[in-house]
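Q: Need the 3D shape of this:
(one chain, ligands or ions: 1)
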Amino acid sequence: MEEKIAVKVERCKAEEVRRKLQLLRLIDNDFKPMFEGGYVYFPVKTVNGLNSLHKEYSVEVVQAFFEKRLRKPKSLREALEKILPNDLHSYIPSSIDLVGDIALITIPEKLESYSREIGTAIIDLYPRVKTVLSKQGETIGEYRIRLFNIIAGGPDTETIHREHGCMYKVDLMKAFFNSRMSGERLRVALQVRDKENILDMFAGVGPFSILIAKKNPTVTITAIELNPDAYNYLLTNISLNKVEDRVKPYLGDARQILEDFKPIFDRIIMDLPFNSLNFLDIALSKLKNHGVIHLYHVESGVDSIDRAKLRVTRLAEEIGHRIEITYSRQVLEVAPRKFIIALDIKKIS
Ligand SMILES: C[S@@+](CC[C@H](N)C(=O)[O-])C[C@H]1O[C@@H](n2cnc3c(N)ncnc32)[C@H](O)[C@@H]1O
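A: Numbering: from 1, shown residues only. Sure thing, here's the model as predicted:
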């Protein structure tokens, strides 16, 4: 309890007075109003500006004791600043990824001993979060899976993520999924025209294929995935989103599957940023002239976009194709000054 200046008013006039105090920004919302006898006591920050209330509602200004409100912090920074020593505040992470009811965070080395407190603060801050995972380094291996530690909640790491009206079931310990790519998926999906024949070469649990199929019932999509766990989620997600008639899934290596594949595609998505260039030859050979490849590629440095464009143009020439790069941008920074670059590539010949 804390002693404060207060406005004392009869109960029957209290709501009107509260509104006035709120409007005048005089009420001190850090404290709860107090009820006693037939009166309500509102804690105020100052008495300046109370004149009009004196006359209109015959309020009194008194001293009274108030209970502090337990206010929920509005951000992770605010929550952690209350827990962590001052000299560690500058290390507080500025971003959290949310995938379904799971929160993902990179905890700086200096804060590792506070992992449990950070996880609990995230669960308190986001009521929908049931599990908090701390990212251990970058995605690795052919399946591009990241290692995680469970730092709060959980042990279940399977979840359903909702994005652009689609649902994706995924276990982040077993299959790749990055909610930060959602804008890119929408950008690509919005370019698709009726009746296109599309190839999603590295489909994961299906977020490109399924969004495109959901948005356009006339398309045909071939979705290839190497990781059996991701493939099983792809199957689940195709049926969860009711696009069985449009998305045809394949389990295996994209090059092997495409080798004796007849269809020639209008559009190909190559979302394997650390290795996509090694598949550019087979992709270009399966693309119609004037068809488009949406390629994701990792490049470092400030001039990463120009370097990516040059690398891809030269490689296409070596393979024997003419291309035009119609769009380029840095999509994500995956490590300091290391970016995923998105390139839209039109095949000329
Ligand atoms: C960066 S993830 C992208 C997944 C998906 N496009 C998404 O947005 O979530 C790349 C995926 O390609 C798969 N992959 C890796 N090599 C492959 C190959 N040779 N053929 C088919 N899929 C492959 C990985 O298992 C992983 O799921």
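Q: Pull up the residues of the stretch 101-250 of the chain that are close to the ligand.
A: Within the stretch 101-250 of the chain, the residues that sit near the ligand (Cβ under 6 Å from any ligand atom) are 142-144, 176-177, 181, 202-204, 207-208, 224-227, 230. Quick note: C-beta positions are derived from backbone N, CA and C, even for glycine.
Q: 5 Å instead?
A: Counting by Cβ under 5 Å from any ligand atom, the stretch 101-250 of the chain comes close to the ligand at 142-144, 176, 202, 204, 207, 224, 226-227, 230.
Q: In space, what's closest to residue 237 - neighbours in sequence excluded?
A: residue 206 (4.5 Å; Cβ to Cβ, 6 or more residues apart in numbering).
Q: any bit of the strand or helix carrying residue 258 sitting next to the ligand?
A: Taking DSSP states H and E as the definition, residue 258 sits inside helix 254-259. Yes. Remark: helix 254-259 sits within contact range of the ligand at residue 254, by Cβ under 5 Å from any ligand atom.
Q: Centre of the chain to that helix, how far?
A: Here helix 254-259 is found 32 Å from its chain centre; the criterion is Cα atoms, centre = their mean, to the nearest Å.
Q: need the next SSE after it, C-terminal direction.
A: Reading on from helix 254-259 to the C-terminus, the next helix or strand found by DSSP H and E is strand 265-271.
Q: For the ligand, what's its nearest residue on the protein.
A: residue 204 (2.5 Å; Cβ to the nearest ligand atom).
Q: So that residue: helix, strand or coil?
A: Under DSSP: H, G, I helix; E, B strand; the rest coil, residue 204 falls in the coil class.
Q: Report the contact partners of it.
A: Going by Cβ atoms under 8 Å, 6 or more residues apart in numbering, residue 204 touches 175-177, 225, 227, 230, 234, 271.
Q: change it to 6 Å
A: Residues near residue 204 by Cβ atoms under 6 Å, 6 or more residues apart in numbering: 176, 230.
Q: per-residue confidence for it?
A: As predicted, residue 204 sits at a pLDDT of 98.
Q: How about residue 1?
A: 87.
Q: how about residue 227, what does it touch?
A: Residues counted as contacts of residue 227 (Cβ under 6 Å, 6+ apart) are residue 143.
Q: thinking residue 33 is in contact with residue 43, fair?
A: No. Using Cβ atoms under 6 Å, residue 33 makes no contact with residue 43, being 7.1 Å away.
Q: helices or strands next to the lengthiest helix in the chain in the packing?
A: Using DSSP state H, we find that the single longest helix of the chain is helix 304-319. Counting contacts by 3 or more Cβ pairs under 6 Å, 6 or more residues apart in numbering; DSSP states H and E, helix 304-319 packs against strand 287-300, strand 323-335, strand 338-347.
Q: where does this protein have its least confident helix or strand?
A: None of the helices or strands of the chain scores lower by mean pLDDT, DSSP states H and E than helix 51-57, at a mean of 81.
Q: which of the residues in stretch 212-222 are buried?
A: 212-214, 216, 219-222 (16 or more other Cβ atoms under 10 Å).
Q: Same question for stretch 332-349.
A: Neighbour counts over stretch 332-349 (16+ other Cβ under 10 Å) mark 332, 334, 339-347 as buried.
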